[in-house]
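Colleague: build me a model:
(one chain, ligands or ions: 2)
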Amino acid sequence: MSLTLYDKIWSAHVVANEEPGVDLLYIDRQLLHEVSSPQAFEILREKGIQPRRPEAQLGLADHAVPTRHRDRPIADPLARAQVDRHAANCFAFGIRYLELEDVRQGIVHVVGPEQGFTLPGMTLVCGDSHTATQGAFGALAFGIGASEVGCVLATQTLRQRKAKRMRVTIDGKLGPHVSAKDLILAIVGRLGAAGATGHAIEYAGSTVRGLSMEARMTLCNMSIEAGSRTGLIAPDDICFEYLSGRPMAPAGSLWDAALADWRALASDDEATFDSEIAIDATALEPQVSWGTSPDQVTGIGGAVPEPTNARARAALDYMGLVAGTPLDRVAIDHVFIGSCTNGRIEDLRAAAAILAGRTIADGVQAIVVPGSGLVKRQAEREGLDTIFRAAGFEWRDAGCSLCVAMNDDRLQPGERCASTSNRNFEGRQGIGARTHLMSPAMAAAAAVTGRLSDVRRLAC
Ligand SMILES: CC(C)[C@H](C(=O)O)[C@@H](O)C(=O)O
Ligand code: SF4
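Modeller: Ligands and ions are numbered 1, 2, ... in the order given. Below is the predicted model of the structure:
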């Protein structure tokens, strides 16, 4: 029987069949952050259980952490308590924890792959909806709820209903300054916020094969914004090269053995999918969201659309936008470059390439927040921090930052932000704040002009 990549990883992890369509899966790895883990540790305490495999877990703090003054104790008492509690829980239960001072600290979905904790063919979970980011490595990676985090800690298994299979095939060469972020925004726009609900998406096609691992992670990251908990890409030489030599990746003969297994991780040629979508990358223009859901998106050459339903009307109202306004006339107050969608080294390089020799517009406040301490260090080695600072950006420490208003970085009501993150929900960047999602190069262009702008015009 022909199988998809999803089927193969799934069946390799079935411990028991519970009922038709529902299996008990073995979970290889779990990432633990400070927001979704406290309840799980409480479950262990209440029941007097020790983690089944502490070495299969990795803990760190990312959502609540400040991105400045990291040499001082966390000023906000609630954030400090949350981070301290998470660290204490990890230590108490014998789980590896990356301290805030550790250069390896960062956003879970950046750190997992960077450390080689995330490997092809694995099942990997985290109490976080953007865990699908790590499916870029051909891992079955998905977000779970807080009580499920406890279940994985206690048993290293999880009861799961198998999803339907969807393949998104992307072919054609991306134009200059058009990136994986533009692709995934366009895909989410086409599928709709619930279009892939109940499905596991596999991204395939010549465009995907040509993408770096950083770009593949950007693609998989936003699968959840179309309703899919899982985004997968078959691992190949680009993936193996990225992983080779990573601290937690296998080495020596174990690496050779792993590689032989990983090369079999692809959908069979005759495998069938419940749903198939084809995307032509050639004609794609840079994308910008105009509403309060990531599927409310269009090309930068377009205008604020005429609302066709109550949801769109409410979105325009919240966003303070009038239908028919060309997008490139919309002025912005803030720029945020970072997040698990676009906080990796390539994202910083793409933004810096636009900002070199330029300065941000008067009145604009701009921050760049590397996805991890290692991304920050690498960017500094390449002199990117100098470019960002010279342009007028603040150069911060790693964390979720302005992607989510759960830390010191947040906007005021009515402020408008060009953001490389993945969600533009009401209040996401602060109460009443307005978010436009876009790529790092597009965010850099917005910083320079002070409005939403086509980076291709600025670049040439
Ligand atoms: C706080 C966390 C559980 C949440 C998620 O599940 O994704 C956050 O990371 C987000 O991006 O909204
Ligand atoms: S960077 Fe944003 S999307 Fe990613 S885990 Fe943090 S809050 Fe969630």
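
Colleague: up against ligand 2, what does this structure have?
Modeller: Applying Cβ under 6 Å from any ligand atom, one finds that the chain approaches ligand 2 through 62-63, 107, 109, 128, 130, 339-340, 400, 403-404, 421-422. From N, CA and C alone the C-beta is placed, and that goes for glycine too.

Colleague: got these as a markdown table, with distance to ligand 1, neighbour count and secondary structure columns?
Modeller: Listed next are the residues of the chain next to ligand 2 as a markdown table, based on distance: Cβ to the nearest ligand atom, whole Å; neighbours: other Cβ atoms under 10 Å; DSSP: H, G, I helix; E, B strand; the rest coil:
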| residue | distance to ligand 1 | neighbour count | secondary structure |
| --- | --- | --- | --- |
| 62 | 8 | 31 | coil |
| 63 | 5 | 21 | coil |
| 107 | 9 | 32 | coil |
| 109 | 9 | 31 | helix |
| 128 | 4 | 26 | coil |
| 130 | 5 | 27 | helix |
| 339 | 8 | 29 | helix |
| 340 | 8 | 29 | helix |
| 400 | 7 | 30 | coil |
| 403 | 7 | 29 | helix |
| 404 | 5 | 22 | coil |
| 421 | 8 | 28 | coil |
| 422 | 7 | 28 | coil |
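
Colleague: let me see the contact set for residue 411.
Modeller: 333-334, 402, 405, 417, 429-430, 433 (Cβ atoms under 8 Å, 6 or more residues apart in numbering).

Colleague: can you pull the contacts of residue 261?
Modeller: residue 121.

Colleague: just the element for the residue in the stretch 151-300 of the chain that ligand 2 sits nearest to, please.
Modeller: Nearest residue of the stretch 151-300 of the chain to ligand 2: residue 221, at 7.6 Å (Cβ to the nearest ligand atom). Take DSSP states H and E as the rule and residue 221 turns out to sit in helix 213-221.

Colleague: helices and strands around that helix, which ones?
Modeller: Helices and strands touching helix 213-221, as assessed by 3 or more Cβ pairs under 8 Å, 6 or more residues apart in numbering; DSSP states H and E, comprise helix 108-115, helix 180-191, strand 199-204, strand 230-232, helix 237-243, helix 339-342, helix 345-355.

Colleague: would the shortest one count as contacting ligand 1?
Modeller: Going back to what we said before, that points to strand 230-232. No - judged by Cβ under 6 Å from any ligand atom, strand 230-232 and ligand 1 are separated, with a smallest distance of 13.8 Å.

Colleague: quick revisit: averaged pLDDT, the helix holding residue 221. What do you get?
Modeller: Averaged across helix 213-221, the pLDDT comes to 98.

Colleague: how about stretch 234-243?
Modeller: Averaging pLDDT along stretch 234-243 gives 98.

Colleague: re earlier: got the contacts of residue 411 as TSV, with secondary structure and distance to residue 359 columns?
Modeller: Shown next, in TSV, are the contacts of residue 411 (DSSP: H, G, I helix; E, B strand; the rest coil; distance: Cβ to Cβ, whole Å):
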residue	secondary structure	distance to residue 359
333	coil	16
334	strand	16
402	helix	21
405	coil	28
417	strand	19
429	coil	23
430	coil	25
433	coil	24
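
Colleague: farthest pair in these?
Modeller: 333 and 405 (15.4 Å; Cβ to Cβ).

Colleague: near ligand 1, which residues of the protein show up?
Modeller: 35-36, 63, 127-130, 143, 404.

Colleague: now with 5 Å?
Modeller: For the chain, the contact set with ligand 1 under Cβ under 5 Å from any ligand atom comprises 35-36, 128-129.

Colleague: who wins for neighbours among these?
Modeller: Highest neighbour count within those: residue 128, with 26 neighbours (other Cβ atoms under 10 Å).

Colleague: ok, back up a step: looking at the contacts of residue 411, which is nearest ligand 1?
Modeller: Nearest member of those to ligand 1, counting by Cβ to the nearest ligand atom, is residue 405, at 10.4 Å.

Colleague: contacts only, for the nearest residue to the closest one once chain neighbours are set aside.
Modeller: Closest residue in space to residue 405, ignoring its immediate chain neighbours: residue 430 at 4.8 Å, by Cβ to Cβ, 6 or more residues apart in numbering. Residues near residue 430 by Cβ under 8 Å, 6+ apart: 405, 410-413, 415.

Colleague: which one of those residues is nearest to ligand 1?
Modeller: So of the contacts of residue 430, ranked by how close each gets to ligand 1 (Cβ to the nearest ligand atom), first place is residue 405, at 10.4 Å.

Colleague: the domain parsing of the chain - what is it?
Modeller: 5-275, 287-459 (automatic domain parsing).

Colleague: redo those domains as TSV? Include distance to residue 281.
Modeller: Converted to TSV, the domains of the chain look like this (distance: least, Cβ to Cβ, whole Å):
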stretch	distance to residue 281
domain 5-275	4
domain 287-459	12
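
Colleague: can you get me a residue count around the residue of the stretch 151-300 of the chain closest to ligand 2?
Modeller: For residue 221, using other Cβ under 10 Å, the count is 27.

Colleague: mind listing what the closest residue in space to it that isn't next to it in sequence touches?
Modeller: Among residues not flanking residue 221 along the chain, residue 133 sits closest, at 4.1 Å (Cβ to Cβ, 6+ apart). Each residue near residue 133 by Cβ under 8 Å, 6+ apart is listed here: 109, 113, 141, 217, 220-221, 231, 340-341.

Colleague: quick one: which of the contacts of residue 430 is most hemmed in?
Modeller: residue 411 (24 neighbours).

Colleague: local confidence estimate at it?
Modeller: Per-residue pLDDT puts residue 411 at 98.

Colleague: helix, strand or coil for it?
Modeller: coil (DSSP: H, G, I helix; E, B strand; the rest coil).

Colleague: and if you look at the one 3 residues further on?
Modeller: The three-state label for residue 414, taken from three-state DSSP, comes out as coil.

Colleague: that one - how many residues pack around it?
Modeller: Residue 414: 12 neighbours (other Cβ under 10 Å).

Colleague: helices along the stretch 301-450 of the chain, start to end?
Modeller: Along the stretch 301-450 of the chain, counting by DSSP state H, counting those that start in this stretch, helices occupy 310-319, 339-342, 345-355, 373-381, 384-391, 440-449.

Colleague: turn the ones you listed into a markdown table, including distance to residue 457 and mean pLDDT.
Modeller: Putting the helices of the stretch 301-450 of the chain into a markdown table (distance: least, Cβ to Cβ, whole Å; pLDDT from 0 to 100) gives the following:
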| stretch | distance to residue 457 | mean pLDDT |
| --- | --- | --- |
| helix 310-319 | 23 | 98 |
| helix 339-342 | 21 | 98 |
| helix 345-355 | 11 | 98 |
| helix 373-381 | 26 | 98 |
| helix 384-391 | 18 | 98 |
| helix 440-449 | 8 | 98 |
